[in-house]
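Engineer: got a structure for you, letters missing:
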C-alpha cells in the first residue's frame, strides 16, 4: 500500500530543483530579490511625493527639489540595474564558479554602479537641502543650509572623482605592471563615514529650523520624526562599515554578500527619507497637531523667537502663556498660508491697509 508513495517520494527527491535556487555558494538570488523589492518601494515613495504635491495641492511647480530627487531616483535605478543584469550575477556567488571573463564584466558593471550610487546619495541630500532652504524664513538658517549644501557638493565630487580614477586612467578590472590603484578599503571607509556624518547633519538641520516655531511638543516631535527617517540610512551605512573587510580576499564576491545588501539599503533609505521628509500637505497643514483636509482655506501662524531681536509688548507673554488669537501681538509671527507665500508681520506706522514694513515672501514653490 505504501510502496507507490515511497517510490513517488524518492523520485521527487532525485528530481533537480527548477527555477531560482539559493545555495551556500550562490547568494545572488537574494540580492536580486531584495533589489527588486527596494526598487519598487522607492518608486512608490517617489510617486506618493509627486501625487501629494501636484494632485492634492494647487499652483505647484516642478522646482529644484523635484528635479534633484528625480535625478537621484534615476541614478539609483541605474545602480540597481547593475545588480539585476546578467553581468551582476557574480555578486554573492563563490569565486570558483566565476570565469575570468565573467569577473571582468562584473567588475565593469560594479564600477558603473558605484558611480551611480554616489550620484544618487548626493542628489538626494541636495534635494533635502533645497527643501530646507524654502522651509526656513530666517537668514541664519539659510546660511547654515548653504554651508551644508557646499559640504555635500564637495563630498559628492571627492567620492565620485575618487571612485572614477581609483586606478588612474585604468579601470579597476585591468591587470598589469602599469596599473596602480590606491587603497580601495580605506577609500570606501572614508566614503561611508562621511556619508554617515552628512546624514546626521541632515537630521540636525531641520531641528534648528523647526525648534523656534511656536507649536506643541507633540506637533514638534511629529514633524521632526519625518526628518528622522534618515536614521535608517545611518544604520545601513554602519552595516556597510561592519562588512567592508569582507571585500578583501580571493572569495570576496561571496563574502561581500552582506556589504552589497547594505549598499542597496543605504540607497533606498536615502532616497525614501528625502521623500518622507516632504509630505507637503502635512507640513503645511500643521495646527495643534492636526492635519487640515481643506488646505486651501488653512492659515497658521507661528512665533519665531529669533525673528526680531527685541519683542514688542505682550509678545513674550503670549509665547509663554499661549493666549487667544484675539489678544496676540503678531509682531513676532510669521504667517504661513496655502497661496505659496510666507510673510513676516511687522506693524507699520501708517494706515492699516498698507503692507507691513519688513514683510517678506518665502517658499515661492510651496
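Structural biologist: Done, it's in. All values derive from a computational prediction rather than experimental measurement. Numbers count the residues shown, from 1 in each chain.
Engineer: residue ranges of the helices in the stretch 151-300 of the chain, please?
Structural biologist: For the stretch 151-300 of the chain, the helices defined by DSSP state H, counting those that start in this stretch occupy 184-210, 217-227, 231-243, 252-255, 257-276, 280-284.
Engineer: Tell me which of those sits most buried.
Structural biologist: Mean neighbour counts were taken over the helices of the stretch 151-300 of the chain using mean count of other C-beta atoms under 10 Å, and the top value, a mean of 24, falls to helix 257-276. Where C-beta positions appear, they are placed from N, C-alpha and C, glycine not excepted.
Engineer: Tabulate the helices of the stretch 151-300 of the chain (JSON lines), appending distance to residue 24 and mean pLDDT.
Structural biologist: Shown next, in JSON lines, are the helices of the stretch 151-300 of the chain (distance: least, C-beta to C-beta, whole Å; pLDDT from 0 to 100):
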{"stretch": "helix 184-210", "distance to residue 24": "25", "mean pLDDT": "89"}
{"stretch": "helix 217-227", "distance to residue 24": "41", "mean pLDDT": "77"}
{"stretch": "helix 231-243", "distance to residue 24": "17", "mean pLDDT": "94"}
{"stretch": "helix 252-255", "distance to residue 24": "9", "mean pLDDT": "91"}
{"stretch": "helix 257-276", "distance to residue 24": "11", "mean pLDDT": "92"}
{"stretch": "helix 280-284", "distance to residue 24": "46", "mean pLDDT": "53"}
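Engineer: For residue 44, which of the ones you listed is the nearest?
Structural biologist: Distance to residue 44, taken as C-beta to C-beta, is lowest for helix 257-276 among these, at 9.2 Å.
Engineer: angle of the closest one against helix 184-210?
Structural biologist: 20 degrees (axes from the mean of the first three to the mean of the last three C-alpha atoms, to 10 degrees).
Engineer: what helices or strands is helix 257-276 leaning on?
Structural biologist: helix 28-54, helix 64-84, helix 100-135, helix 184-210, helix 231-243 (3 or more C-beta pairs under 8 Å, 6 or more residues apart in numbering; DSSP states H and E).
Engineer: how many neighbours does the nearest residue in space to residue 39 that is not next to it in sequence have?
Structural biologist: Distances taken as C-beta to C-beta, 6 or more residues apart in numbering place residue 80 nearest to residue 39, at 4.9 Å, with adjacent residues excluded. Neighbours of residue 80 under the rule other C-beta atoms under 10 Å: 24.
Engineer: do residue 132 as well
Structural biologist: With other C-beta under 10 Å as criterion, residue 132 counts 25.
Engineer: Please tell me how far residue 69 sits from residue 104.
Structural biologist: From residue 69 across to residue 104, the span is 34 Å (C-beta to C-beta, to the nearest Å).
Engineer: Between the two, tell me which one has more neighbours.
Structural biologist: It is residue 69, of residue 69 and residue 104, that has more neighbours when counted by other C-beta under 10 Å, with 25 against 17.
Engineer: How about that one, nearest residue that isn't a chain neighbour?
Structural biologist: Closest to residue 69 by C-beta to C-beta, 6+ apart is residue 127, at 4.2 Å.
Engineer: Just to check, the one you found is in contact with residue 73?
Structural biologist: No. Here residue 127 does not reach residue 73: they are 9.8 Å apart, not a contact under C-beta atoms under 8 Å.
Engineer: These two: who's more crowded?
Structural biologist: residue 127 (26 against 22).
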